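# Pasted the sequence and its predicted model underneath.
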Amino acid sequence: MHRSGIWKRWCAGASLGVLAVMAAPAAHAVVLVGSVKTPTVNSRPTAMAVAPNGTVWFTEEAGNKLGYIDANNGLINEYTWTTQNIRPNALAIDNSGRVWFTEANANKIGMYNPAINYLVEYYWGGTNLGLSGIEVTADGKVWFTMSNLNRIGVLDPSYLTIRYYYWTSSPLGLTRIKKDSYNRLWFTENTANRIGLLDPYYSYVYDYYATGSISGPWGIDVDANNKVWFTENLAGTFSKLDPSTGLINEWLTIGGASSRPRDIDTTRNSANQTVVTWAESAGTGNIGVLNASTGSKIGVALSPSSEATGVAIDASRNVWFTETNLWQISQFNLLATSIARRPSVEPGPTDAFPAADTVQPRLALNSGADFRIQFVNNGNGNGNGNGNGNGDDKEDKGKNRDKQAKIEKKKSDTEDLRVTEVKEHHPTKESKKFR
């Protein structure tokens with residue numbers, strides 16, 4: 001299925017689109033949710049991101065590897081290096097295509113340059129930092145969260161310096177971090193149940209007290225309008241924060257209170273509307289899709305054992321996601337009007353797969369009913385948009401819960417450190433072709 005010819009059909013999707021379904025439900029075309037196992041068994045892929053050239057990268061937390069999928073040649077690739085048991089668990093990609101990632105168990109920041117097969121690990125001392133989120137700003141600085149130290153760090157690779165930002169000794173549970181168009185850093189405080197904003201120009205942190213007493217915010221993204229979207233892992237909800245007003249709108253996930261949503265990503269459709277996708281790691285298992293302008297929400301049903309964690313959208317509006325417990329990477333296109341799930345493919349010797357033209361697209365129609373897309377009506381926490389298609393991201397109040405954020409401004413203290421160790425590798429690459 002995933003060899004070149006079929007892969008191109010898979011990514012092409014259908015002409016009417018999930019985004020059209022959101023405005024006027026219709027189901028004509030069928031597109032596969034394609035899945036492929038990682039070459040390493042039980043690798044537990046977690047986070048993912050899309051490079052400027054369209055390459056999809058992901059971390060393999062248990063496999064101790066970085067992986068990527070090349071849509072041009074139908075290969076899934078893994079990189080292995082000499083440091084053992086680092087537990088890579090978050091990644092971000094800079095403008096030149098270099099992959100930056102956290103090494104949670106090694107307390108290091110790693111950088112892989114695919115252009116020259118060159119990997120560097122940065123270490124500045126310390127143990128049990130709790131590295132859990134990473135982002136790269138336009139100036140090339142690498143920002144990361146340390147959940148066990150209640151600090152945000154920034155690595156300047158040019159000068160081999162680290163700066164710590166901290167503003168409280170209370171446990172925060174700093175998790176994911178994302179930049180906005182002003183290069184300010186938004187982050188989730190999983191333990192403190194807050195969203196934070198770090199403004200490095202003024203060295204101030206703004207805490208938004210609005211996510212609920214037991215919400216556990218996890219994933220975060222900033223859309224093209226600088227609206228902040230985040231998941232609430234403990235509440236089974238996801239929300240949008242408008243920094244200009246302090247207003248937070250909250251939706252239920254597809255799976256509800258037991259869904260444990262993790263990472264979240266946004267894009268714009270052809271009507272200039274914001275479209276949001278998120279991964280639900282527990283419960284029935286879903287990838288959710290919301291059109292923020294119309295309020296329409298759908299769920300792509302997964303196996304309850306999938307444990308979907310990472311999600312990322314590429315420039316062609318393909319939604320990529322990790323199914324951590326099944327150690328596989330999956331994808332569907334937002335242009336689909338009806339989505340069927342095909343059994344995942346386990347990689348093996350290249351010559352064990354049939355030629356691309358022997359794999360018939362009609363196999364998609366044989367997928368079980370459990371993997372059909374679910375259309376969810378407005379209400380019950382979905383929001384209920386005006387549907388005018390002008391991209392203004394308005395929601396009617398309805399059953400959608402609105403909150404006004406209480407914002408607290410705190411001066412951030414800083415501490416400067418030097419990078420004490422720079423370790424260089426040329427990782428071993430393994431590639432597998434899949435159907």
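Nice, I can see it.
# Which secondary structure elements does the helix or strand in which residue 431 is found sit against?
Residue 431 is part of strand 428-433, with elements assigned from DSSP states H and E. Secondary-structure packing of strand 428-433 (3 or more C-beta pairs under 8 Å, 6 or more residues apart in numbering; DSSP states H and E): strand 75-80. The C-beta positions use only the backbone N, C-alpha and C, and glycine is treated the same way.
# by how many degrees do the strand it packs on and strand 428-433 diverge?
Strand 75-80 and strand 428-433 are oriented at 160 degrees to each other (axes from the mean of the first three to the mean of the last three C-alpha atoms, to 10 degrees).
# so what strands line up beside the strand holding residue 431?
Each strand paired with strand 428-433, and its direction, by DSSP bridges: strand 75-80 (antiparallel).
# List of residues touching the strand it pairs with?
Residues from elsewhere that reach strand 75-80 (C-beta atoms under 8 Å, 6 or more residues apart in numbering): 36, 38-40, 60, 63-70, 112, 119, 329, 347, 427-434.
# Count the residues that sit near residue 140.
Residue 140 has 14 neighbours, counted by other C-beta atoms under 10 Å.
# Surely it touches residue 98?
No - Residue 140 is beyond contact range of residue 98, at 9.5 Å (criterion: C-beta atoms under 8 Å).
# sorry, back to before: are any of the contacts of strand 75-80 buried, and which?
Buried by 16 or more other C-beta atoms under 10 Å: 36, 38-40, 60, 63-69, 112, 119, 329, 347, 427, 432-434, out of these.
# Okay, and which of those map to strands?
36, 60, 65-69, 112, 119, 329, 432-433 (DSSP state E).
# Dump those into a markdown table; add pLDDT and distance to residue 87 as well.
Compiled in a markdown table, those are given as follows (pLDDT from 0 to 100; distance: C-beta to C-beta, whole Å):
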| residue | pLDDT | distance to residue 87 |
| --- | --- | --- |
| 36 | 87 | 23 |
| 60 | 97 | 10 |
| 65 | 95 | 11 |
| 66 | 96 | 12 |
| 67 | 95 | 15 |
| 68 | 95 | 18 |
| 69 | 90 | 21 |
| 112 | 97 | 16 |
| 119 | 95 | 16 |
| 329 | 93 | 18 |
| 432 | 73 | 23 |
| 433 | 64 | 28 |
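# for those residues, which one is nearest residue 154?
residue 112 (19.5 Å; C-beta to C-beta).
# could you say which helix or strand contains the nearest residue to residue 137 once chain neighbours are set aside?
Among residues not flanking residue 137 along the chain, residue 183 sits closest, at 4.6 Å (C-beta to C-beta, 6 or more residues apart in numbering). Per DSSP H and E: residue 183 is located in neither a helix nor a strand.
# Same question for the one 5 residues further on.
Taking DSSP H and E as the definition, one finds residue 188 inside strand 185-189.
# Could you do residue 195 as well?
Residue 195 is part of strand 194-199 when elements are defined by DSSP H and E.
# pLDDT score for residue 314?
Listed pLDDT for residue 314 reads 94.
# Would you map the strands across the stretch 1-150 of the chain?
31-37, 45-50, 56-60, 65-70, 75-80, 88-93, 99-103, 108-113, 118-123, 131-136, 142-146 (DSSP state E, counting those that start in this stretch).
# Geometrically speaking, which residue is the centre of this structure?
residue 311 (3.5 Å; C-alpha atoms, centre = their mean).
# That one contacts residue 318, doesn't it?
No - contact criterion C-beta under 8 Å: residue 311 and residue 318 do not qualify, at 11.2 Å.
# returning to what we had before: partners of the residue nearest to the centre of the chain in the sheet?
Assigned bridge partners for residue 311, using DSSP bridges, are residue 321.
# residues in contact with it?
By C-beta under 8 Å, 6+ apart, residue 311 lies in contact with 48, 262-265, 277-279, 287, 319-322.
# I'd like those as a markdown table, with distance to residue 197 and pLDDT appended.
Converted to a markdown table, the contacts of residue 311 look like this (distance: C-beta to C-beta, whole Å; pLDDT from 0 to 100):
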| residue | distance to residue 197 | pLDDT |
| --- | --- | --- |
| 48 | 24 | 97 |
| 262 | 21 | 98 |
| 263 | 19 | 98 |
| 264 | 17 | 98 |
| 265 | 19 | 98 |
| 277 | 23 | 97 |
| 278 | 21 | 98 |
| 279 | 24 | 98 |
| 287 | 28 | 94 |
| 319 | 27 | 94 |
| 320 | 28 | 95 |
| 321 | 27 | 96 |
| 322 | 27 | 97 |
